[in-house]
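In: build the 3D model from these lines:
(2 chains)
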Amino acid sequence: MEERKKQYVPVVVRFDTAGKMRPVLIEFDEEHKYPVDKILDVRRAACQSVGGVGDRYTCRIQGKESYLWFEKGRWFVAAKR
Amino acid sequence: MERHILHCDFNAFYASVEAQRRPELRNKPLAVCGSQEERHGIVLTANYIAKPRGVKTGMAIWQAKQYCPDLVVLPPDMGEYIRISKLAREIYEDYTDQIEPFGLDENWLDVTGSVGLYGSPMAIAREISRRVKFELGITLSIGVADNKITAKLGSDYRKPDAITQIGKDNYQELVYPLPVEDLLYVGPATSKKLRAIGISTIGRLAECPVEVLTRCLGKMGAVLHMFANGRDISPVQKSDHIPNVKSVGNSATTPRDLICDDDVKLMLLLLAESVAARMRELASRCTVVEVSVRDTVLHTFTRQRKLQVPTCSSTEIAQTAFELFRAHYHWGLPVRSIGVRSAGLVEADSGVQLSLYESDVKRNKWEQIDRAVDTLRQRHGYMSVQRALMLTDPQLGRINPKDGHTVHPVGYFGGS
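Out: As a prediction, the model looks like this:
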């Protein structure tokens, strides 16, 4: 398997009136900011590849599905090395 | 009616949590150990790579490293273990509201009422096992039986990541050959007595006439006889059950040995502050103060004294504990660990016999000061306000016994 690392990322989040939150924009780095087109799934999950336990958001970003994790108040992705 | 009880036990809990969050350590022998500097340098949990190589819970780190030189030693992160334990509980709560924890890593679940919704107890166990693996990234062993004691034997039967059902059909086959020490409440002392009369397995215990056991062990003999026969009627407590607290205690193995009365006085004050704060949280006062002392050769003694008037003042508790210590310890050896316990708890606002003398006024003042300190600490952190005495010894004084204290399993019979 491709080697990955746990990378914490800044995320723009929208809270609706019920307090539900939805990640809107992932700021991977200065050059790469990805709008989240759709949230396909949210569930509690353990991240096998880089470690961590939290809420796993399955996001559609530029037509591709990828996971964004919310763990202890911080967002992370399993980034390619 | 037959009950359906699951006993869910995480495999090598602390080590598994560490390996989950640090994938680079997954294929290495791991041990989570107490901190060496503060002299709790023993193995708390070893993973399934370190265990077969001889690393055992309770071993000193240097010993463990002799068996396994490439052992990766990690400090414990109780906050994380408590978080994962709570998340596991959330999973259990999907299946029942009768969840009784036994330490951080073990729980009994009564799913008798849930089989109509979720299928057989085995199906529920498989579902829980799958979800824990997916959601928390760790494994557990589950025992399925009609009572708590047998369920616990089931979860111990096969590890890691296994489910064992023990019913009437396979009870004798699975349980009878097990060593008698596998049974809950057969500790070293009981084991010695049982083995002296030729009882070395649970089967032997089950078949032994109960009179012989009561003669040998007192009323526990009858209880153990029931347990060995797979009969246990104790209920799984509901999740919101708050047990009646009978005593509050705190103890510490200090970062260095205590060598004089001043050291002991400081530690007793520190511990008494935490004990008193916890009593105030419970809205109770104590009528008995107990001190326990362990010297450097691990000889331990405990002394207690009844108080004239119930109190929750840390100063008064510390003073009493110190008087007890002075009266009973003669400094043959330095002290390694020390504890304060307050017992005979009564409700704080229950009637109190007032005294004609001024000590009551003084006691009230001290309690008010304590309460003010509680509030300050709640807002600004434990170290925000301290007794000046604590600054005389930074090594001892910086211990935070209230939040730093670890969670131990409570007794099976509900007391503590």
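In: return the residues of chain A in contact with chain B.
Out: Neighbours of chain B within chain A, by CB under 8 Å from any CB of the partner chain: A:43-53, A:72. C-betas here are computed from N, CA, C, even on glycine.
In: looking at these, spot the one nearest chain B.
Out: Chain B lies nearest to A:Ala46 out of the residues of chain A next to chain B, by CB to the nearest CB, at 2.8 Å.
In: next, count neighbours for that closest one.
Out: 21 (other CB atoms under 10 Å in any protein chain shown).
In: which residue comes closest to it once chain neighbours are left out?
Out: Distance criterion CB to CB, 6 or more residues apart in numbering or on different chains; nearest residue to A:Ala46, sequence neighbours excluded, is B:Gly137 at 2.8 Å.
In: enumerate every residue touching that neighbour.
Out: Applying CB atoms under 8 Å, 6 or more residues apart in numbering or on different chains to B:Gly137 gives the contacts A:46-48, A:51, A:53, B:20.
In: phi first, then psi, for the residue lying farthest from the centre of chain A.
Out: Most distant from the centre of chain A: A:Thr17, at 21.8 Å, with distances by CA atoms, centre = their mean. The phi and psi values for A:Thr17, taken as degrees, to the nearest 10, are phi -70, psi -20.
In: so it versus chain B, what's the distance?
Out: 25 Å (CB to the nearest CB, to the nearest Å).
In: for A:Lys38, see how far away that residue is.
Out: A:Thr17 is 20 Å from A:Lys38, where distance means CB to CB, to the nearest Å.
In: identify the residues contacting B:Arg3.
Out: B:110, B:112, B:146-147.
In: now, the most widely separated pair of these?
Out: Farthest-apart pair in those is B:Thr112 and B:Asn147; separation 11.2 Å (CB to CB).
In: more neighbours, the two?
Out: The neighbour comparison of B:Thr112 against B:Asn147 (other CB under 10 Å) goes to B:Asn147, with 22 against 17.
In: could you find the closest non-adjacent residue to A:Val12?
Out: The nearest residue in space to A:Val12 (CB to CB, 6+ apart) is A:Leu25, at 4.0 Å.
In: can you report how many residues neighbour the one you found?
Out: Neighbour tally, A:Leu25, other CB under 10 Å: 13.
In: for B:Ala50, same thing?
Out: B:Ala50, neighbours per other CB under 10 Å, totals 25.
In: I'd guessed it sits against B:Leu30; true?
Out: Yes - using CB atoms under 8 Å, B:Ala50 is in contact with B:Leu30, at 6.0 Å.
In: quickly list what's touching both of those two.
Out: Joint contacts of B:Ala50 and B:Leu30 (CB under 8 Å, 6+ apart) are B:15, B:71.
In: B:Ala318 against B:Met267, yeah?
Out: No - at 9.3 Å, B:Ala318 and B:Met267 do not qualify as touching, with contact defined as CB under 8 Å.
In: look up how far B:Ile5 lies from the residue nearest to the spatial centre of chain A.
Out: By CA atoms, centre = their mean, chain A has its centre lying nearest to A:Leu68, at 1.7 Å. For A:Leu68, the distance to B:Ile5 equals 39 Å [CB to CB].
In: now B:Glu80: closest residue in space that isn't a chain neighbour?
Out: Per CB to CB, 6+ apart, closest to B:Glu80 is B:Val17, 6.1 Å.
In: in which helix or strand does that neighbour reside?
Out: Under the criterion of DSSP states H and E, B:Val17 resides in helix B:13-21.
In: the helices in the stretch 1-150 of chain B, which residues?
Out: B:13-21, B:61-67, B:78-92, B:115-118, B:121-136, B:148-157 (DSSP state H, counting those that start in this stretch).
In: typo on my end, it should be chain A
Out: For chain A, applying DSSP state H gives no helices.
In: and the stretch 201-350 of chain B, by the same measure?
Out: Taking DSSP H, counting those that start in this stretch as the test, the helices found in the stretch 201-350 of chain B are B:202-207, B:210-217, B:219-228, B:261-281, B:314-328.
In: single out the most deeply packed of those helices.
Out: helix B:261-281 (a mean of 22; mean count of other CB atoms under 10 Å in any protein chain shown).
In: helices or strands next to the host helix or strand of B:Lys192 in the packing?
Out: If you go by DSSP H and E, B:Lys192 is part of helix B:188-196. Secondary-structure packing of helix B:188-196 (3 or more CB pairs under 8 Å, 6 or more residues apart in numbering or on different chains; DSSP states H and E): helix B:210-217.
In: can you name the residues that contact B:Gln165?
Out: B:Gln165 neighbours (CB under 8 Å, 6+ apart): B:121-122, B:125, B:143-145, B:154.
In: make it 6 Å
Out: B:122, B:144 (CB atoms under 6 Å, 6 or more residues apart in numbering or on different chains).
In: how much space separates it from chain A?
Out: Distance of B:Gln165 to chain A, given as CB to the nearest CB: 26 Å.
In: ditto for B:Ile149
Out: For B:Ile149, the distance to chain A - CB to the nearest CB - is 31 Å.
In: what is the neighbour count of the residue nearest to that residue when sequence neighbours are not counted?
Out: Of all residues not flanking B:Ile149 in the chain, B:Asp232 sits nearest, at 4.2 Å (CB to CB, 6+ apart). Here the number of neighbours of B:Asp232 (other CB under 10 Å) works out to 19.
In: and B:Asp232, how far from A:Lys80?
Out: Taking CB to CB as the measure, B:Asp232 falls 54 Å from A:Lys80.
In: first-to-last residue distance for stretch B:206-215?
Out: This stretch, stretch B:206-215, spans 15 Å end to end (CA to CA, to the nearest Å).
In: over to stretch B:64-81?
Out: 23 Å.
In: with adjacent residues omitted, what lies nearest to B:Arg131?
Out: In this structure, B:Arg131 finds its nearest non-sequential neighbour in B:Ile91, 5.3 Å apart by CB to CB, 6+ apart.
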